[in-house]
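> show me the folded form of this:
(chains A and B)
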Amino acid sequence: DAGVIQSPRHEVTEMGQEVTLRCKPISGHNSLFWYRQTMMRGLELLIYFNNNVPIDDSGMPEDRFSAKMPNASFSTLKIQPSEPRDSAVYFCASSLRNYGYTFGSGTRLTVV
Amino acid sequence: DQQVKQNSPSLSVQEGRISILNCDYTNSMFDYFLWYKKYPAEGPTFLISISSIKDKNEDGRFTVFLNKSAKHLSLHIVPSQPGDSAVYFCAASDSGGSNYKLTFGKGTLLTVNP
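Numbers count the residues shown, from 1 in each chain, chains lettered A, B, ... in the order given. Here you go, the predicted model:
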């Protein structure tokens, strides 16, 4: 298995633009997590899904952030409109009924 | 409100010596703890874990100690190697909830000098 695949690896966008981050979890994993890493706050859980259903989105900072998981093999995290303070590394992770998270390599987002 | 705290942003040790990374937590419901290691431009990878029914778990050069009364855990690396240089994240979970949600600390950057 290729592991958790995230795209793009890097994204530079202008303030106000829409940004979409993508994640393909490991086949067979039933939980998917979106995390954001910043120097100030470390790794923050934004939202997670079990069996494609959003379970807890309390970490989503604002209404500008939304996430979907239309099927077991794909998830998106969208920011609209983006702001400079959204600049961070965004990680997707998946797991199968335990704490054995497998993380993707992350998307480094820069909003200028 | 940080429920998992890593108060040392960085740590530098000499090759061959012991590295001790510390982590404190505030949520008394946490009963499962993990350490993840992260290299630049990569995602975190699982290193070692411990359940609250234990106070020590060992895997090769890595040992995690848990002090439940103090709500404190530590990761010991002996002997430290230059390849251990990375950011180490402490994570915790309440396994009573079945969703395997992890709360992470901010991380500690370990540098092992040759």
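> run the contact check for the host helix or strand of A:Lys78 versus chain B.
In the assignment (DSSP states H and E), A:Lys78 maps to strand A:74-79. No. Using Cβ under 8 Å from any Cβ of the partner chain, strand A:74-79 stays clear of chain B, with a minimum separation of 14.9 Å. No exception for glycine: its C-beta is placed from N, CA and C like everyone else's.
> now for the helix or strand just after that strand, which elements pack on it?
Per DSSP H and E, the first helix or strand lying C-terminal to strand A:74-79 is strand A:88-95. Under the contact definition 3 or more Cβ pairs under 8 Å, 6 or more residues apart in numbering or on different chains; DSSP states H and E, strand A:88-95 sits against strand A:5-7, strand A:19-24, strand A:31-38, strand A:74-79, strand A:102-103, strand A:107-111.
> buried sites along the strand holding A:Lys78?
Of all the residues in strand A:74-79, those buried under the rule 16 or more other Cβ atoms under 10 Å in any protein chain shown are A:75, A:77, A:79.
> and for stretch B:24-39?
B:24-25, B:30-38.
> ok, back up a step: of the helices and strands packed on strand A:88-95, which stretch is the most buried?
strand A:31-38 (a mean of 23; mean count of other Cβ atoms under 10 Å in any protein chain shown).
> now the next helix or strand after that one: how far from the chain's centre is it?
For strand A:31-38, the succeeding helix or strand toward the C-terminus, using DSSP H and E, is strand A:42-50. Chain-centre distance of strand A:42-50: 8 Å, with Cα atoms, centre = their mean, to the nearest Å.
> neighbouring strands - and their directions - for the helix or strand just after strand A:42-50?
Helices and strands here follow DSSP H and E; after strand A:42-50, the next one along the chain is strand A:53-56. Applying DSSP bridges, strand A:53-56 is found paired with strand A:42-50 (antiparallel).
> what does the strand it pairs with contact?
A:30-38, A:54-57, A:59-61, A:65, A:67, A:69, A:75, A:77, A:90-91, B:6, B:44, B:89, B:99, B:101-107 (Cβ atoms under 8 Å, 6 or more residues apart in numbering or on different chains).
> just the buried residues of stretch B:24-39 now: which is nearest A:Thr102?
The shortest approach to A:Thr102 among those belongs to B:Tyr36, at 10.9 Å (Cβ to Cβ).
> who are the contact partners of that closest one?
A:101, B:44-47, B:88-89, B:91, B:104.
> now, which of those residues sits nearest A:Gly3?
B:Thr45 (10.3 Å).
> nearest spatial neighbour of that closest one, chain-adjacent residues omitted?
B:Lys37 (5.6 Å; Cβ to Cβ, 6 or more residues apart in numbering or on different chains).
> quick one: that neighbour and B:Phe62, what's the gap?
According to Cβ to Cβ, to the nearest Å, B:Lys37 stands 9 Å off from B:Phe62.
> shared neighbours, the two?
With Cβ under 8 Å, 6+ apart as the test, B:Lys37 and B:Phe62 both reach B:Leu47.
> now do the nearest residue to A:Arg85 once chain neighbours are set aside against B:Lys56, distance only.
Distances taken as Cβ to Cβ, 6+ apart place A:Val111 nearest to A:Arg85, at 7.8 Å, with adjacent residues excluded. Distance from A:Val111 to B:Lys56, counting by Cβ to Cβ: 44 Å.
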